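# Kindly generate the corresponding structure for this input.
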Amino acid sequence: MARRGVVVITGRLDAAQCPAAQAFLDKVDGTVTLDCSGLEYISSAGLGVLLKTQKRLLAASGKLRLAGVNRHLQDIFQYSGFDQIFEIEPAP
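Predicted coordinates:
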């Protein structure tokens, strides 16, 4: 069941999926929570999609939050400095 302001992402966010993900995220506004509990992998292209979306939302007084982030993805976000750009809620 979808909650208002929540986008669920699953599988892999790599170069093959980025155009569709970007097209969808370009339509969201306000404060949006990206539920990453089903996200297994993110590439540098996927990180770019999240960064572009965050910059656009922040410019419009919104933001992109990341929730349900597993340990592996937390490490990627930390190494890339994204933990300083996004509000990240680890997986329980």
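# hey, let's count contacts and neighbours off CA atoms from now on
Noted.
# Describe which strands the strand ranked longest in the chain pairs with in its sheet and in which direction.
Counting by DSSP state E, the longest strand found in the chain is strand 31-42. Using DSSP bridges, the strands paired with strand 31-42 are strand 6-13 (parallel), strand 63-69 (parallel).
# Please list the residues outside that strand that contact it.
Applying CA atoms under 8 Å, 6 or more residues apart in numbering, the contact partners of strand 31-42 are 5-14, 57, 62-70, 73, 91.
# Mind checking which of the residues you listed are buried?
Among the contacts of strand 31-42, those classed as buried by 16 or more other CA atoms under 10 Å are 6-7, 12-14, 57, 62-70, 73.
# What's the separation between P92 and F24?
The gap separating P92 from F24 is 27 Å, by CA to CA, to the nearest Å.
# between these two, who's got more neighbours?
Higher neighbour count among P92 and F24: F24, with 11 against 8, using other CA atoms under 10 Å.
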